[in-house]
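> Dropping the sequence and predicted coords here.
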Amino acid sequence: MKDNSCQCLKWPYPLLYDKVQKVTTDVLILGGGIAGCWAAIAAAKKGVRVALVEKGATIRSGAGGSGCDHWESAATNPCSRISPEELTQAMIKAHHGYNNGISHYIECREGYDRLLDLERFGGKIRDTEDEFLEAEFRDEKTKFLFAYDYENKFTLRVWGTTFKPALTKECRRLGVKIFDRTMATSLLTEGGKQGAKIVGATGVNGRTGEFITFQAKATVLCMSRPTRIWLFSPGLPGISEFRPPQCTGDGHAMGWNAGAEFAMMEKSVKGEWSGLRSFPPYGTGNTHNTWYACNMVDADGREIPWADRDGRTLTDISLRYRPSLGQKLFLKGGGESDIPTYEFQGPDILPLEELLAKGFKLPFYADLTGMPEQERKAIWGLMVGEEGKTKIPILKTYTEAGFDPKKHLIQSYGDGWRSGGFLPQERQLFGLPGGMVNDWNLKTNLEGLYAAGDQLLASNCHGHAAATGHYAGRHAADYTKEGAVSKIDSNQAKKERIRIYAPLKGDGRIGWKEMNMRITRLMQHYCGEIKTEELLTTGLGLLKNIQKLEVPQISAQNPHELVRTLEVLNILTNAEIILNACMARKASSKPLHFRRSDYPEMDPPDWKKFITIKLEKNKVEIGEKPLDYYGQLKEKYESHNSDYLEEHGS
Amino acid sequence: MKGKKIFIHPETAALKPLSFNIELCDGCNRCVEVCQVDILVPHPNKGNPPVVVYPGECWYGGCCVAICPKPGAIKLNTPLMNRVYWKEKA
């Protein structure tokens, strides 16, 4: 008889704690999400040996593994009316200069090439079945479907659930050696010295516990961004943050310990999405992102007006997808800032307070019933369906529960895309947060170390991850052709093995969840909305005490728990990076959502720059970079990519 | 650590993200292999639905359901507090 209960079971995988596997490769990719897979493909196409290390299962891993509904900034697609230079400059301006000119120019310049690649790999990027024939947002010749700005056509609606399996298949076809269920734990440096050339990494298998050393000529970090710094629930660890729970910013912590340089790590925003507060992403009524530009009605069914950036009411639904009078383009669905810039502000419903003053009654609902059929199908069925975490959790689940977009109104629970309210100290790295500093090769300050996707300063979204992943992968491959493999320092690997296995010998007094709660409570108190020198210094001192007194007591029972535990130790390191970055900026800043009550002046001119931080001989070194450190976009790009331009045309 | 036998007790979580139809599920374990958080393990008795050992860690991405070759064998349960309200348009 079949049985679906199991009270206690033997660990189902072989335990290999006593084994060490040694891998040698040319290019080592750490992280098998969108950026990692693209990096692996680009490097492998250069004819070098590639190893890809992924904590989960590459076929669906990462924040973009389950889907993607729109591909931003494909400025070179044949229908686009915006140049990559114009679009990148718009994104930089929209963030008041605090942006990554290099990575976003790469996104604008090469994103479309990656879409065409995806199609070759088996992904779906155009309306080949003519489901949206003659829709206003469809280009009949290319069969591309556009989102948001129908005039300028630089964001495409895509069938992103097809992407990750196609990328994984291509990795395998190219001979990329994939190490699934393997957590990268540290970077190995030449001679074991901080700040020296990166010569590989260590990893541990989350099923067998096997320790692995990877020796590589070049390494590409593609390991998402820090999470669970301020938000964590031991009951809901899987949905404490927007990104998958195993995306804990391990790459940031590893990079920090190796001496990598970061910028903008002082930026955090009030929480935008967490299962502690919010409803399923893209599963509530709203007018943003996947649901743009849906009709909204109030509690009495009264239609909520849409307006352009000047407050002029837009009576025709079609106008919601057009720039305002005299406006060149608007940014929506990504690229825009939380603090709207008039120049790029797109249409929206009126602000909540204004609506309440006009007598509109809460709650509001999204009303797909009144949308033109093609628009309704594009939102419910295409975008809700192809976006990550929507095919099963929203489209299938709601449909089976009786939701009919032609009949029902679906409630809105917050402003913008948010579906929950957060306290000011409940913060997140969202909306172009800080990350690693990169040059025009997407190389970090460390020799042999490259970075892509959310690992980078001011990162966001699928197209950015894909474009920067490919770019970093091919530049890393080029680098490997210049030099030989450096030797791994066996002492460094040995020390790391001792460090990572220590929790297995713990006495069980402190588990990873308690430690994560410990960190989030501390960060809410000492690095919340309002910061001061005293708060930050005390917070940092307490973190050091945790390292010294509590970390030695942390305990894990099996390889799975060991990985969860090592993640929390990385969260602790990431909290340390953030506290140090907050201490280094002695001025408040609106675009950085950064408020210091001891330095209350907002954005004094002397502080309009990136503050950089890194470890040098285990001491925090502070530096700075001008906001426009990337230089002339087109010229710089072209001088670093002559091979690519020859192959793809300029 | 060598030779040490370990056992796991499936965690009692606040939520039960997955349920299986034991008549439909043939224990192919495709869901075990696709889960990026690795919350499931194969059942010790072949042919049975896998065991959700770390239910609290579920990301609710639904890839396990999407990959299942037997429709209805595995179901993703939206957490109760996350269930959204809709109504018929008047």
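Arrived safely, thanks for sending.

> Can you measure across stretch A:431-449, start residue to end residue?
Using C-alpha to C-alpha, to the nearest Å, the end-to-end distance of stretch A:431-449 comes to 25 Å.

> and if you look at stretch A:620-632?
31 Å.

> contacts for that stretch?
When contacts are defined by C-beta atoms under 8 Å, 6 or more residues apart in numbering or on different chains, stretch A:620-632 is touched by residues A:97-98, A:100-102, A:105, A:261, A:263, A:437, A:440, A:580, A:584, A:608-615, A:636. In short, each C-beta sits where N, CA and C put it, glycine included.

> same thing but 7 Å
Here stretch A:620-632 makes contact (C-beta atoms under 7 Å, 6 or more residues apart in numbering or on different chains) with A:97-98, A:101-102, A:263, A:580, A:584, A:608-614, A:636.

> same check, this time on stretch A:555-563
With C-beta under 7 Å, 6+ apart, stretch A:555-563 has contacts from A:11, A:55, A:183, A:204-209, A:503-504, A:506-512, A:565, B:6, B:8, B:38, B:54.

> cool, and stretch A:266-282?
Residues outside stretch A:266-282 that contact it (C-beta under 7 Å, 6+ apart): A:231, A:233, A:236, A:239-242, A:290, A:338, A:384, A:387, A:389-390, A:393-394, A:413, A:418-422, A:424, A:426-431, A:433-434, A:581-582, A:585, A:592-594, B:60, B:78, B:82, B:84.

> Now the buried members of the residues you listed.
A:231, A:233, A:236, A:239-242, A:290, A:384, A:387, A:389-390, A:393-394, A:413, A:418-420, A:422, A:426-431, A:433-434, A:581-582, A:585, A:592-594, B:60, B:78, B:82, B:84 (16 or more other C-beta atoms under 10 Å in any protein chain shown).

> Which of the contacts of stretch A:620-632 are buried? Put it as a PyMOL command.
To isolate the buried ones among the contacts of stretch A:620-632 in PyMOL, judged by 16+ other C-beta under 10 Å, type:
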select buried, chain A and resi 98+101+102+263+580+584+609+610+611+612+613+614+636
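
> between the contacts of stretch A:620-632, which is closest to residue A:28?
residue A:614 (21.2 Å; C-beta to C-beta).

> The helix or strand containing residue A:167: which residues count as buried?
Element membership for residue A:167 (DSSP states H and E) is helix A:163-173. For helix A:163-173, burial by neighbour count (16+ other C-beta under 10 Å) applies to A:163-168, A:170-171.

> For residue B:61, which residues are in contact?
A:66, A:389.

> Which parts of chain B are strands?
Counting by DSSP state E, one finds strands in chain B at the ranges B:7-8, B:18-20, B:40-41, B:51-52, B:74-76, B:86-88.

> tell me the mean pLDDT over the second one?
By that I understand strand B:18-20. Confidence for strand B:18-20, expressed as mean pLDDT, is 97.

> next one: the first one
pLDDT averaged over strand B:7-8 equals 84, rounded to a whole number.

> Is there any residue in it that contacts chain A?
Yes: applying C-beta under 7 Å from any C-beta of the partner chain, one finds strand B:7-8 in contact with chain A at B:7-8.

> Sheet partners, orientation included, of that strand?
Applying DSSP bridges, strand B:7-8 is found paired with strand A:9-10 (antiparallel).

> what's the following helix or strand after the strand it pairs with?
That would be, after strand A:9-10 and using DSSP H and E, strand A:20-30.

> how about that next one: buried residues?
A:23, A:25-30.

> what's the burial count for residue A:326?
Burial of residue A:326 is recorded as 7 neighbouring residues (other C-beta atoms under 10 Å in any protein chain shown).

> and it, that's in a strand?
No: counting by DSSP: H, G, I helix; E, B strand; the rest coil, one finds residue A:326 to be coil, located in no strand.

> and the residue nearest to residue A:374 when sequence neighbours are not counted, backbone torsions?
Using C-beta to C-beta, 6 or more residues apart in numbering or on different chains and skipping the chain neighbours, the partner closest in space to residue A:374 is residue A:135 (3.9 Å). Here is the backbone geometry of residue A:135 (degrees, to the nearest 10): phi -70, psi 150.

> ok, now how distant is residue A:135 from residue A:156?
13 Å (C-beta to C-beta, to the nearest Å).

> if you count what's nearby, which of these two comes out ahead?
Using other C-beta under 10 Å, the more surrounded residue of residue A:135 and residue A:156 is residue A:156, with 27 against 19.

> Quick check: can you list the domain ranges of chain A?
As given by automatic domain parsing, the domain ranges for chain A are A:20-77+A:101-117+A:157-270+A:426-489, A:125-156+A:279-420, A:491-624.

> what about the last one, distance to the chain center?
Taking C-alpha atoms, centre = their mean, to the nearest Å, one finds domain A:491-624 lying 19 Å from the centre of the chain it belongs to.

> next one: the longest one
Taking the mean of its C-alpha atoms, domain A:20-77+A:101-117+A:157-270+A:426-489 sits 10 Å from the chain's own mean (C-alpha atoms, centre = their mean).

> That concludes my questions; thank you for your assistance.
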